[in-house]
Structure formats: structure tokens, C-alpha cells
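Student: sequence isn't available, so here's the structure alone:
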């Protein structure tokens, strides 16, 4: 019987793909508006390449962008990029549709909830706190704090240990087939593949590890109904 | 005859003392709200001490605060501090009263304008761009970009060189007697001590280097009237 539900954060609880795209586009626009001598398409394409190579948490995207474009270093352009990026990010930070009402319902049914996410702990907490969903979760497990990333079994075992439950009492919900679904299945959790965001379809070779597939977040309630046999309360505590 | 006017940024153009105080207070409040087990006064006093020791541009204020208070590291508390700090900073970022209308008048009179400021180039540009005063200034000289800080004569000479003028054609306006006034006077500029913000009165032993003293930013127009003999246009270009 499922007692604890774990969620991935980006593109599962927080609508991150759109946020990142809009923030990056606005950063480039503002750098150009403040004099960076390059056309939008060239700069945006270069930025995406750079992020692919160095990762999205690399702290010098805009400095490196200037270097890659053979432009002189100009702190004004970097500041223009940083300002626009942050303003846009905060403006577009939203829950995935239906998240809060589903979390409320899950708590009402007696489920205990946790987050298992990769990324920088402060940036991940910033999203959780700005969305004001922190009170729903008993434990938030973040890879760069734990020293191990999904899909490594260790991060899932740490999550089980935090709740003091067995793997067959846990369900993992996430958009990424490799890190979330394959990862959780390795330690014996039940898995729900949430087909949402731009990277959901990226790793279809791991599709077999998904016990359930949903396209809308609130459909999770149906999964639990079929998994736990009814929609009665769990009384897990 | 004065042709170019240089300004310090913090507490001369941008109202920074109040901003920093409000941002730091709100950061501590939000960390406590999210569970940091310490009372406000203890934490705030510790933060001020830390900033005094490590400087205001040190990037790990909130991490170090936890260590100094013998608390466990918790990225949630750090994120809560960072979020509140930034939200408050943006909300309280304002020009010093009268700055924009005075800058407009100065440009109208034909003066060329520059900024000479210490600090991190991206943070300083962020304030300039958010206040939308960048178009007033021909050159912005920032210490951490130039590799030399006020009051070193080199940063003032770099500023003169950027405008291609002699020192006796330049006026420096700033709140700090040591870095702004003593510094500019060393290379032969005229100086206006703007008695504004919490640190204006900190270095009175350098008061003799101020040619003029003003308590309101728009009073600068009177200084220029008496300095250049009349209020006719400068025709500096």
C-alpha cells in the first residue's frame, strides 16, 4: 500500500521549461537593448549551446556568452542580462496546472509527501518557497546537498530512510524517464511518468519502467485510487 | 572651468543605506519565519558584524551567518534569506531625492557626466540600469573592473583620461570624505561633499579636502553657478 508520494520538482510541480525559455529570451533582448552588438537569433542560439555544454546552473552564462561571440567584456550588458533574467523568472514562476489542489487532496487522503530533485539547493528551495508549497512536504531531498544525483539509487534510498518506509510503500512521480522513473524503479518504488514539459519525451527507451503514465497532474488521484484499491483515506500516520 | 562632473553611486545617486538595512532586516525575518531557531536581534546583530568583517559584497553572508550562530546548514533558510533580501532590495531601490531632475538640468547646461564608484561591476550596473539613469553618463568607472579602488589616484586619472580632460576641468561629488573627496582632491579635481546617508560623517578628518558641502542633491546647481561664474551654458562639447 502506498503511504508516501515523492515528486520531482522541475516540470512536475514547478512549470520550469517555459520559465527558463522566457527568462533567457528576455535576457538576450535586454543585453541587445543596452548595446550588445549582435542580432537576437545569433545570441540566443549561442546561449542555448552554452547552457547545453556547461549546464543550467553554471554561474557565468552571460560572461561566457560574450567570450563565445568574440565581444569585449562589458559588465553593463551582463547586468542587463541578469536583471531581465531574474525579473522574467519571477514573473513566470508558476505551479504546473492543478498542483496545489491535488496536493491538498492527497494530504486530505492521508498521504505523506516528499520531493526528490536534482539541482542547486538554494535555487530549488527558492522555487518551492516562492510557490509557497513548502508546507505540503515533510522532506525535500536535493541532489547537490546530498552529494548524489538521480537516477543513482542512493538518493532514492535516502528519501525512503527519511520517511522510514519500505520501497513498496512509495510512489515516485516525475517527468523524466531516466532520472525519475528508471531511478525510482531501481530501488523498488512504484512509478508514475508525468508526460509534461519539453523534456518528457527525451528518454523513451526507459518507458518500460513506468507503472503508470499521466498527462495531467490531477490524474494522479486516479492512479492512487487504482493502486490502493479505493479512494478511502490512507491513515498512514 | 568645470566641464565634467563625476558622481559616486551609493548614497550619492542611489539611496543605498536604507535599501541595505531594510533588505537585511527582511532577510532575517524570513529566515526565522521558515524555521531558523534564533531571535531577530541576535541574528541581525550577527549579520551586521559578519558584513563588517567580510564586506558587503561577500557572496556567502547567509551561509556564514548559520555557522556563526552554531546552527546546522539548511538551504531552505538560506533561500528564504536570499529571496527576502532581493525582493526588498528591488522594492527600496530609489534615487536620492532630486537626482534625476538635477541630472537633466546639468545636461541641459552642457555638462558631461560620469560615475566613479567602488564595488562589483554587475551589482553597480544593476542599480544604474534599474534606476534608469544610464543614459545620463558618458563613462562609468567601477573599481572592481579597473582593478583599483577609491581613493587611489589611479582610478580618478582613468576617469579624466576617459573624458580626455584636465583635473581642473572636473568636479567630484560624493558622500564619503576619504574615498571620494580626499581621493579626487589628490589628483587636483574640485570636490563637493554631499552630506547624505549613514556614512557621510564617518571620516571628518578629511573634511578639509572638500571645496563645497551640500546637504541636498539639487544644491549642486548652486555650486556650479558659483564655480563657473554664472548659470550660462557650458558648451563643453
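Tutor: In hand now; what should we look at? Since the structure is predicted, the reported quantities are computational estimates derived from the model, not experimental observations.
Student: helices along chain A, start to end?
Tutor: Remark: helices assigned in chain A by DSSP state H are A:16-33, A:40-54, A:61-68, A:75-92, A:99-108, A:121-130, A:143-146, A:153-163, A:183-186, A:220-227.
Student: so which of those helices is nearest residue B:167?
Tutor: helix A:75-92 (26.0 Å; C-beta to C-beta). Bear in mind the C-beta positions are built from the backbone N, C-alpha and C, glycine included.
Student: how about the closest one: buried residues?
Tutor: Using 16 or more other C-beta atoms under 10 Å in any protein chain shown as the test for burial, helix A:75-92 gives A:75-90, A:92.
Student: quick check: pLDDT value at the spatially closest residue to residue A:204 that is not a sequence neighbour.
Tutor: Nearest residue to residue A:204 in three dimensions, chain neighbours excluded: residue A:177, at 6.7 Å (C-beta to C-beta, 6 or more residues apart in numbering or on different chains). pLDDT for residue A:177: 97.
Student: give the contact list for residue A:177.
Tutor: Residue A:177 makes contact with A:193, A:200, A:202-207, A:209-210 under the criterion C-beta atoms under 8 Å, 6 or more residues apart in numbering or on different chains.
Student: what packs against the worst-scoring helix or strand of chain A on mean pLDDT?
Tutor: Ranked by mean pLDDT, DSSP states H and E, the helix or strand of chain A with the weakest confidence is helix A:143-146, at a mean of 90. In terms of contact count using 3 or more C-beta pairs under 8 Å, 6 or more residues apart in numbering or on different chains; DSSP states H and E, helix A:143-146 is assigned the packing partners helix A:153-163.
Student: hmm, the helix it packs on in reach of chain B?
Tutor: No. Helix A:153-163 lies apart from chain B when judged by C-beta under 8 Å from any C-beta of the partner chain; the minimum separation is 14.4 Å.
Student: ok now that helix, how far from the chain's centre?
Tutor: Distance, stretch centre to chain centre, for helix A:153-163: 18 Å (C-alpha atoms, centre = their mean, to the nearest Å).
Student: which elements pack onto it?
Tutor: Using 3+ C-beta pairs under 8 Å, 6+ apart, the elements in contact with helix A:153-163 are strand A:112-117, strand A:139-142, helix A:143-146, strand A:170-174, helix A:183-186.
Student: chain B next: which of the buried residues of helix A:75-92 are close?
Tutor: Answer for these near chain B (C-beta under 8 Å from any C-beta): A:75-76, A:78-80, A:82-83, A:86.
Student: adding pLDDT, write those out as CSV.
Tutor: Putting those into CSV (pLDDT from 0 to 100) gives the following:
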residue, pLDDT
A:75, 94
A:76, 95
A:78, 95
A:79, 95
A:80, 96
A:82, 93
A:83, 92
A:86, 91
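Student: could you dump those into CSV and include distance to residue B:71?
Tutor: Formatted as CSV, those follow (distance: C-beta to C-beta, whole Å):
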residue, distance to residue B:71
A:75, 35
A:76, 38
A:78, 34
A:79, 33
A:80, 37
A:82, 30
A:83, 32
A:86, 28
